[in-house]
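In: Give the three-dimensional model of this entry:
(chains A, B, C and D)
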Protein chains: 2
Amino acid sequence: MDSRPELGTVFDEIAIMVRRLSTAGQLNMTAAAVLARLRRKGPQRLTELAICEGVSQPGMTQLVTRLEREGLARRTPDASDRRVVLVEATPEGLDLVERRRAERAAALHELVGALSPADRAAIDAALPALTRLVEIHRES
Amino acid sequence: MDSRPELGTVFDEIAIMVRRLSTAGQLNMTAAAVLARLRRKGPQRLTELAICEGVSQPGMTQLVTRLEREGLARRTPDASDRRVVLVEATPEGLDLVERRRAERAAALHELVGALSPADRAAIDAALPALTRLVEIHRES
DNA sequence: TATTGTTATACTCTATAACTATA
DNA sequence: TATAGTTATAGAGTATAACAATA
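Out: Numbering: from 1, shown residues only, chains lettered A, B, ... in the order given. Presented below is the predicted three-dimensional model:
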């Protein structure tokens, strides 16, 4: 009998938890991921965003249109290839990403504060390893 | 300057990763969560499922109807109160939850295998603490 | 011709409001 | 009257197919 918590199950529950922790701006998960990516990496091609976020090209066209309508992102042309559309976050979009990050961090800080010092230390010690795990997945 | 990985950011990326790791049965996240809950806790009232998963009562009615149509869950009456509907997973539903769990576990096992032994140990050591963190959130 | 992006259209999911049945 | 659930209806989101513009 193996009664230890299983990594997949714990991750699954972390996913559910995270989904409920940042609610500012009422973005769905894909929209939030696109904005966060635009902040991390700067302007991106529409097609590249579609591939990286795992949605169709028309799906990304429509998502960017929504973000644009809400003032969170804008389209700019690419001077070297006029078929291309570059998408970038507006200051409002960047601000929203930051507000969501802060909101999540505050909620997590409170939850972590309810743990024992030993538990806090264990999570803290695992953070770099978890980061590398996520990176390995992103590259595959 | 704090260049350490931040807990919220790492959790956010874990959420994105998990969403792409279990795809069997083509369930959306809410449907998967409901089935997993039915397996964990046994038959539940429709209203209770709606509250716990954060969807409206009509939304849960429709989700359960879809699960029923796909043979993954069934409705049964409550003998003591005839207004109540109890929802339970069918054997097919339980089997699908298990297949998704196994699929996720296998994918994660492969990713974890690419980490250093020290990283693996750190994640392993943090598992009970992460479980308690998730529990604290669930109770709040 | 191939590639980048958009438009047209249809389907899934989920919400609110109004309803039925039971307590 | 209050509660459990369903039905009616509408809107958001996303997919595939067909299209337009540029390379």
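
In: Which residue is the nearest non-sequential neighbour of the most centrally placed residue in chain A?
Out: For chain A, the residue sitting closest to the mean C-alpha position, by CA atoms, centre = their mean, is A:Ala33 at 3.6 Å. The spatially closest residue to A:Ala33, leaving aside those adjacent along the chain, is A:Glu53, at 5.7 Å (CB to CB, 6 or more residues apart in numbering or on different chains). Yep, even glycine has a C-beta here, placed from its N, CA and C like the rest.

In: Model confidence at that neighbour, what's the number?
Out: According to the per-residue confidence, A:Glu53 scores 94 in pLDDT.

In: Give me the phi and psi for it.
Out: Geometry field for A:Glu53 lists phi and psi as phi -90, psi 0, criterion degrees, to the nearest 10.

In: number of nearby residues for it?
Out: Using other CB atoms under 10 Å in any protein chain shown, A:Glu53 is surrounded by 17 other residues.

In: now stretch A:130-140: how far from the chain's centre is it?
Out: Stretch A:130-140 sits 14 Å away from the centroid of its parent chain (CA atoms, centre = their mean, to the nearest Å).

In: residues of it that come out buried?
Out: Neighbour counts over stretch A:130-140 (16 or more other CB atoms under 10 Å in any protein chain shown) mark A:130-134, A:136-137 as buried.

In: Does A:Arg74 belong to a helix, a strand or coil?
Out: Secondary structure state of A:Arg74, per DSSP: H, G, I helix; E, B strand; the rest coil, is strand.

In: any low-confidence regions in chain A?
Out: Scanning chain A for pLDDT under 70 picks out A:1-3.

In: For the closest residue in space to A:Leu96 that isn't next to it in sequence, list the residues it contacts.
Out: For A:Leu96, the nearest residue in space outside its immediate sequence neighbours is A:Gly25; the separation is 4.7 Å by CB to CB, 6+ apart. Contact partners of A:Gly25, counting by CB atoms under 8 Å, 6 or more residues apart in numbering or on different chains, are A:72, A:96, A:99-100.

In: buried subset of those?
Out: With burial judged by 16+ other CB under 10 Å, the buried subset of the contacts of A:Gly25 is A:72, A:96, A:100.

In: residue contacts, the second one?
Out: Taking CB under 8 Å, 6+ apart as the definition of contact, the neighbours of A:Leu96 are A:24-25, A:27, A:35, A:72.

In: at 7 Å instead, please
Out: A:Leu96 sits next to A:24-25, A:35, A:72 when contact means CB atoms under 7 Å, 6 or more residues apart in numbering or on different chains.

In: Mind putting those into a markdown table with distance to DNA strand D?
Out: Written out in a markdown table, the entries for those read as follows (distance: CB to the nearest atom of the strand, whole Å):
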| residue | distance to DNA strand D |
| --- | --- |
| A:Ala24 | 14 |
| A:Gly25 | 11 |
| A:Leu35 | 13 |
| A:Leu72 | 12 |
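
In: Just send the residues you listed back as TSV, with distance to A:Thr65 and secondary structure too.
Out: Written out in TSV, the entries for the contacts of A:Leu96 read as follows (distance: CB to CB, whole Å; DSSP: H, G, I helix; E, B strand; the rest coil):
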residue	distance to A:Thr65	secondary structure
A:Ala24	21	helix
A:Gly25	17	helix
A:Leu35	14	helix
A:Leu72	11	coil
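
In: quick one, helices of chain A?
Out: Defined through DSSP state H, the helices belonging to chain A, from first to last, are A:7-21, A:29-41, A:46-53, A:57-69, A:91-113, A:117-139.

In: Distance to B:Arg83 added to the ones you listed, as JSON lines?
Out: Written out in JSON lines, the entries for the helices of chain A read as follows (distance: least, CB to CB, whole Å):
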{"stretch": "helix A:7-21", "distance to B:Arg83": "29"}
{"stretch": "helix A:29-41", "distance to B:Arg83": "35"}
{"stretch": "helix A:46-53", "distance to B:Arg83": "43"}
{"stretch": "helix A:57-69", "distance to B:Arg83": "40"}
{"stretch": "helix A:91-113", "distance to B:Arg83": "36"}
{"stretch": "helix A:117-139", "distance to B:Arg83": "43"}
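
In: Understood, closing this out.
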